[in-house]
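Chemist: when you get a sec, could you give me coordinates for this:
(chains A, B, C and D)
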2 protein chains.
Amino acid sequence: MSERVTSLQVAKHAGVSQSAVSRVFTPGASVSARTIAKVRSAAEALGYRPNVLARAMVSGKSHIIGLVVSYLDNYFYPDALERLSTALQAKGYHVLVFMATQNSEDSLEHIVAEILDYQVDGILLASVALSSDLARRCQAAGVPVVLFNRSQDDAGVSSITSDNMGGGRKLGQLLLEAGHQRIAYLAGWEGASTQRDREAGLRSALSDAGATLFAREVGNFDTEQAREATRRLFAHAAPAQRPDALFAANDHMAIMAMDVLRFELGLRIPDDVSVVGFDDVPPAAWPSYDLTTIRQRADTMVEHTVAALLHNITQAAVQHIQIDAPLIIRSSARLARPSKH
Amino acid sequence: MSERVTSLQVAKHAGVSQSAVSRVFTPGASVSARTIAKVRSAAEALGYRPNVLARAMVSGKSHIIGLVVSYLDNYFYPDALERLSTALQAKGYHVLVFMATQNSEDSLEHIVAEILDYQVDGILLASVALSSDLARRCQAAGVPVVLFNRSQDDAGVSSITSDNMGGGRKLGQLLLEAGHQRIAYLAGWEGASTQRDREAGLRSALSDAGATLFAREVGNFDTEQAREATRRLFAHAAPAQRPDALFAANDHMAIMAMDVLRFELGLRIPDDVSVVGFDDVPPAAWPSYDLTTIRQRADTMVEHTVAALLHNITQAAVQHIQIDAPLIIRSSARLARPSKH
DNA sequence: CTGAAAGCGCTAACAA
DNA sequence: TTGTTAGCGCTTTCAG
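Modeler: Take a look at the predicted model:
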């Protein structure tokens, strides 16, 4: 049970002052080459490494980013988390994870308070919204908050999202062009801006074409609820009375729906029903699904998130960044017949 | 940019000493009801919360667990991470994430050093092995190390795994009983104990029956490599020259293999080939795959992991816990015809 | 460039 | 039960 080596021990060993040791391990400090050499070799010999916590206490910078995630069911998040953590790590920051078990605002209240206790340098909220009061408190504490894959106008915090509305439109247009007459929408959790914006995009595409939504059910981004919603949507056996296309608010629900359509209802995709999703998670590309979807570019989103977080750590400037989201055409949705000239 | 409230300010406001404030926020301390009341109301009024970092520095307990993960592609890990974080959170601990980008030992060296800088109360290695030298250094630092889903005899650290060998045996027996003659094995990364043990289980079942492995290729637990390995395994078109059963070292590879078998080679599952995997990740239960597999009970594994971690924080006692892993029979593998009496 | 000295916010003896 | 007094290991003025 050997104790940890401190800067004082290194100082003694190197025959310099303790502050000299500190300077050697502080990037922008002024130290002579001789001192650096002495200290480095002493540190090496003793196996010294600065105590991050002590440093954090006095400097006020913990180099810790508090991350709140609510559910990792949607495979978009593990991927994003991996990239985020790696990117932050490269900048000398690390992610402290907090699971938001409920959608309850009260729970987030506790969680944010807890995060603040760690003197984090920033808070990242993934798929979670917050009250403007809570946002204000974070600002008061001098801690920047960034929303990942959620946007919110009222709270006065930065956000990074895909162009969900634009993506929804593209998908809607694709379905319309293919000649679909009865488009159904499988909604996500209504509290999510992603859900709202994607649906708004679809609806705008429909109304531009003078069309209207044929049916709508809520799946709440949840596996089982998505299955049940699909069953309700396709309860009518008569082809003319059921949807001929299904727009799911995310890939995860689209996949659940496809399984229900094929294995429970015996429908063919896309012959009987076209299905489209949103996210482009890995399973969407698996041949069994080959889902037409909108890609959320996790790499770009993460890049901007890290920049916003680290940028805001010095200067506060609320920004809403929207990443372009390309349409990925696969085989789960029928296409328009190429027009002949 | 209001500054954070300190215990001293609360003390003044409440008309007590600073240490009284500290005691009120320390679970086992002796304070009178009167003092508690005064301090609590002052704290409330000022919005005081103890600084975790300062507390960590002096007490030596940071209540932070360093977690090293290498890849979240395998959907077993996000699930485990979610449960782990939630369970630890309930005990007042939090997870600081470190991504191990490479399998390189050198990189782990750096990462562990970095973790130690945070004065963590424990280190959790998920799907990562470590050198015994590294393990010794952690022990020297008084930090317990627990391996999750990996086991290692030499390093002298605790580990939590499923009964991979037993699981491999069960799957092997199932395949044998169904009358399979040409069983192929799609191996994971050879450095992983899970890979080794699962294969050993399969081989022991085979040799017990006087059978032998028909073919073997390495997929390294990787999407693309698994696909390529499958193509090599089934390169011979003649049914008698190709495997009639495929045992993949994990579900993720089994799923990739199924897609190649069906969509590239036009084989039927399980009519032409039986496929089995290991983990029971969510997609294994999706009707499109309906994969026969061995369930890794993430809930139980996490439970034991948390116990081992928190237990070892006080008393050092290396233990290797192996969780029972049940066979989940679905339709991707043929079954033995029920024997008639 | 370097050492001395003053804390960062808190816990933990130690007396009282 | 309480207040007083030392620090935890480090960064950061401030003289020199």
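Chemist: would you check how far apart residue A:41 and DNA strand D are?
Modeler: Distance, residue A:41 to DNA strand D, using C-beta to the nearest atom of the strand, to the nearest Å: 17 Å. For glycine as for every other residue, the C-beta is placed from the backbone atoms N, C-alpha and C.
Chemist: next one: the nearest residue to that residue once chain neighbours are set aside, what pLDDT does it get?
Modeler: For residue A:41, ignoring the flanking residues on the chain, the nearest one in space by C-beta to C-beta, 6 or more residues apart in numbering or on different chains is residue A:14 at 7.4 Å. The per-residue pLDDT reported for residue A:14 equals 93.
Chemist: burial count for residue A:14?
Modeler: The local packing of residue A:14 (other C-beta atoms under 10 Å in any protein chain shown) involves 22 other residues.
Chemist: wait, doesn't it sit right on residue A:45?
Modeler: No - the pair residue A:14 / residue A:45 is not scored as a contact, 9.2 Å apart, by C-beta atoms under 8 Å.
Chemist: how's chain A carved up into domains?
Modeler: Per automatic domain parsing, the domain ranges recorded for chain A read A:7-50, A:61-162+A:297-325, A:164-296.
Chemist: quick one, which of those domains is nearest to DNA strand C?
Modeler: DNA strand C lies closest, by C-beta to the nearest atom of the strand, to one member of those: domain A:7-50, at 2.5 Å.
Chemist: circling back to that earlier point, the residue nearest to residue A:41: what's it in contact with?
Modeler: Counting by C-beta atoms under 8 Å, 6 or more residues apart in numbering or on different chains, residue A:14 touches A:20, A:21, A:38, A:39, A:41, A:42, A:43.
Chemist: just the buried residues out of these, in ChimeraX syntax.
Modeler: Here is the ChimeraX command that picks out the buried ones among these, judged by 16 or more other C-beta atoms under 10 Å in any protein chain shown:
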select /A:20,21,38,39,42,43
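Chemist: between the contacts of residue A:14, which sits nearest DNA strand D?
Modeler: For these, the nearest to DNA strand D is residue A:21 (7.0 Å; C-beta to the nearest atom of the strand).
Chemist: so the closest one sits right up against residue A:10, yeah?
Modeler: Yes - contact criterion C-beta under 8 Å: residue A:21 and residue A:10 qualify, at 4.9 Å.
Chemist: can you pull the residues that touch both of the two?
Modeler: A:39, A:43, A:48.
Chemist: so what's the residue count around the last one?
Modeler: For residue A:48, the number of neighbouring residues by other C-beta under 10 Å comes to 22.
Chemist: would you map the strands across the stretch 1-150 of chain A?
Modeler: A:64-69, A:94-99, A:122-126, A:145-148 (DSSP state E, counting those that start in this stretch).
Chemist: next structured bit after the last one?
Modeler: The C-terminal neighbour of strand A:145-148 among helices and strands, as given by DSSP states H and E, is strand A:158-162.
Chemist: from the contact counts, what lies against the least confident helix or strand in chain A by mean pLDDT?
Modeler: One helix or strand of chain A scores below all others by mean pLDDT, DSSP states H and E: helix A:132-140, with a mean of 82. In terms of contacts (3 or more C-beta pairs under 8 Å, 6 or more residues apart in numbering or on different chains; DSSP states H and E), helix A:132-140 is packed against helix A:105-117, strand A:145-148.
Chemist: tell me how far the shortest one lies from the chain's centre.
Modeler: Okay, so that is strand A:145-148. Distance of strand A:145-148 from the chain centroid (C-alpha atoms, centre = their mean, to the nearest Å) equals 9 Å.
Chemist: this completes my enquiry, with thanks.
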